[in-house]
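Visitor: predicted model and sequence follow; I will ask about them next.
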Amino acid sequence: MAIVVIAAPSSHGDEIDVKLQARFNDFRVQLSSGSAWLASLSMADLHVGVEMRRGHTQVTTGLSQLSVVDLTPAIKHDKVLSMTSDEVFRAEVSLYNRTEPVEQDFVDLELSAQLGGARLLFMNRFIADLLAFMAPFSATQAALAEASQTAADAAQQAMHNAYAQAFRAKLSVTMKAPVILVPQSSRSDRVLVADLGNLNVSNRLEMGPWSQLSTPAVLDKMTLKLDNLKFYRGQLAADGSVHSECLILQPVTLAVQVTRNLSVSWYRDEPEIDILATLGDLTVVLSETDYAQIMRTLNENLSESGTAELKPLPPPSPAAEAAHGASRSGGTTSTAVAHLETTLASVYTKLRFSFDWTFVGVELFTSSAEEKVGTAGSHARLSAVEKRCPVLY
């Protein structure tokens, strides 16, 4: 680990006041139940850089390697989390100090991020082992839960304040969405695969009508696009690759456009939040073999229990429950009345949601071993599809 801090006070706005650089070369954590090793988490080459200037603060960060390995003996596939790209993520964040009056093209935050592809292996037995490992730390879990709730409340309040101030953000995020593999069991090569494709997030600020104070309305239009999402079955090799792929859900595209009205305090012709979701052609092709493997996976994978005994957490004390209930109920009536008065004073469209679904197709058919090798007849079209889908019984 290396940390370098440079402080250089300056009277010029473009020069660096404080510069910090930190790098973690290697980080590893291993979990054990006392009688056997459970899992290993490792990260490599995590770097963070911060530059503070008079007008803005810039943060750059990145991570090269991340992996989680199941250390349970006598299992067939142990790579719970692995990366399929050269880096985990790389991001650059710029926070700008707002000055009055605010310029039309000003943004409070600018985020540019590239996230690599991840490969996740879901095993119910592994999740049960982790829960069993965490069960004895009930006091720590309670403290973490309380801290998480406090952090969530603070984050919600910060988001509310930022939204009230018409917080402007410019986003450019490219992500190779994760590939989720669900083996039939911990000792099986048959696997169901959910490939979430490629994710792109971007936004732009659009100026609307001008107010009487010569201030334009500002609309933040964010576009989220998920390409090449698909679901299939196959056979998992020792190196983690999937062979003998057979598509169940044909590749589909999902696009979501979110428009935020940042001038909702005086411009009400547009909703405060307008969401438009568009789903491309959705085609499902399901054979008897596909259905059988899905049901076997649900039955065998989800029924596998962990190697460690899962101890239930102790119930909270009556005094703690009473205090928690009192904290939740306090001030409810006055808050509700104030909210009702505010709502009646000004009624406008707060949220609008539209969903466009172009095509849905489901093909269900029976198949046998003879049909899968290309038997002609009334199933000719289905046989052409099933030629690439070997029987995995």
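Guide: Everything's here; your move.

Visitor: need the strands for the stretch 51-200 of the chain, in chain order.
Guide: Secondary structure of the stretch 51-200 of the chain (DSSP state E, counting those that start in this stretch): strands at 56-70, 79-83, 89-96, 109-115, 118-121, 169-176, 179-183, 190-195, 198-210.

Visitor: and what of the stretch 201-350 of the chain?
Guide: Counting by DSSP E, counting those that start in this stretch, residue ranges of the strands within the stretch 201-350 of the chain are 216-236, 242-261, 273-279, 282-287.

Visitor: for the shortest one, packing partners?
Guide: What that stands for is strand 282-287. Contact partners of strand 282-287 among helices and strands, from 3 or more C-beta pairs under 8 Å, 6 or more residues apart in numbering; DSSP states H and E: strand 242-261, strand 360-365, helix 380-386. Placement of C-beta: from N, CA and C, glycine included.

Visitor: what's the mean pLDDT across the last one?
Guide: The pLDDT scores in helix 380-386 average 39.

Visitor: okay, now the unreliable bits of the stretch 201-350 of the chain?
Guide: Low-confidence segments of the stretch 201-350 of the chain, defined by pLDDT under 70, span residues 211-214, 306-346.

Visitor: ok, now with 90
Guide: Per-residue confidence of the stretch 201-350 of the chain (counting by pLDDT under 90) places the weak regions at 201-220, 226-228, 235-247, 260-272, 279-283, 285-292, 298, 300-350.

Visitor: out of the helices and strands packed on strand 282-287, deepest packed?
Guide: Per residue and on average, the most neighbours among the helices and strands packed on strand 282-287 fall to strand 242-261, with a mean of 18 (mean count of other C-beta atoms under 10 Å).

Visitor: which elements pack onto that one?
Guide: Helices and strands touching strand 242-261, as assessed by 3+ C-beta pairs under 8 Å, 6+ apart, comprise strand 190-195, strand 216-236, strand 273-279, strand 282-287, helix 288-301.

Visitor: on that earlier part again, make a markdown table out of the helices and strands packed on strand 282-287 and add distance to L181.
Guide: Compiled in a markdown table, these are given as follows (distance: least, C-beta to C-beta, whole Å):
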| stretch | distance to L181 |
| --- | --- |
| strand 242-261 | 7 |
| strand 360-365 | 24 |
| helix 380-386 | 22 |
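
Visitor: closest to L95 out of those?
Guide: Nearest to L95 among the helices and strands packed on strand 282-287 is strand 242-261; the distance by C-beta to C-beta comes to 19.0 Å.

Visitor: quick one: closest of the helices and strands packed on strand 282-287 to P73.
Guide: Checking these against P73 by C-beta to C-beta gives strand 242-261 as the closest, at 24.3 Å.

Visitor: quick one, the closest one and strand 179-183 angle?
Guide: For the pair strand 242-261 and strand 179-183, the angle between their directions (axes from the mean of the first three to the mean of the last three C-alpha atoms, to 10 degrees) equals 130 degrees.

Visitor: from the chain's centre, how far out does strand 242-261 sit?
Guide: Relative to the centre of its chain, strand 242-261 is centred 15 Å away, using C-alpha atoms, centre = their mean, to the nearest Å.

Visitor: okay, now the unreliable bits of the stretch 1-150 of the chain?
Guide: Screening the stretch 1-150 of the chain residue by residue with the criterion pLDDT under 90, one finds the ranges 1-21, 23-27, 29-39, 52-57, 70-79, 82-87, 95-111, 115-118, 123-150.

Visitor: ok, 50 please
Guide: In the prediction, the stretch 1-150 of the chain carries residues with pLDDT under 50 at positions 11.

Visitor: go through the helices and strands packed on strand 242-261 and pick out the most buried.
Guide: Comparing these by mean neighbour count (mean count of other C-beta under 10 Å), strand 190-195 ranks first with a mean of 20.

Visitor: what's next to that strand, contact-wise?
Guide: 177, 179-184, 228-236, 242, 245, 293-294, 296-297, 392 (C-beta atoms under 8 Å, 6 or more residues apart in numbering).

Visitor: how about a cut-off of 6 Å?
Guide: Under the contact criterion C-beta atoms under 6 Å, 6 or more residues apart in numbering, strand 190-195 has outside partners 179-184, 230-234, 236, 242, 293, 297, 392.

Visitor: same thing with stretch 89-100?
Guide: By C-beta under 6 Å, 6+ apart, the surrounding residues in contact with stretch 89-100 are 55-63, 108-115.

Visitor: report the buried residues of stretch 78-89.
Guide: Across stretch 78-89, burial judged by 16 or more other C-beta atoms under 10 Å covers 78, 80-83, 88-89.

Visitor: do stretch 32-47 as well
Guide: Applying a neighbour-count criterion of 16+ other C-beta under 10 Å, one finds 38-40, 43, 46-47 buried in stretch 32-47.

Visitor: before we move on, what about stretch 121-129?
Guide: Applying a neighbour-count criterion of 16+ other C-beta under 10 Å, one finds 121-126, 128-129 buried in stretch 121-129.

Visitor: show me how far that stretch is from its chain's centre.
Guide: Centroid separation for stretch 121-129 versus its chain: 19 Å, with C-alpha atoms, centre = their mean.

Visitor: and for stretch 27-47?
Guide: Between the centre of stretch 27-47 and the centre of its chain there are 23 Å (C-alpha atoms, centre = their mean).

Visitor: what residues does that stretch touch?
Guide: Counting by C-beta under 6 Å, 6+ apart, residues outside stretch 27-47 touching it are 23-24, 26, 62-71, 129, 133, 308.

Visitor: looking at those, which has the most residues close by?
Guide: Of these, D129 is surrounded by the most neighbours, 24 neighbours in total, counting by other C-beta atoms under 10 Å.
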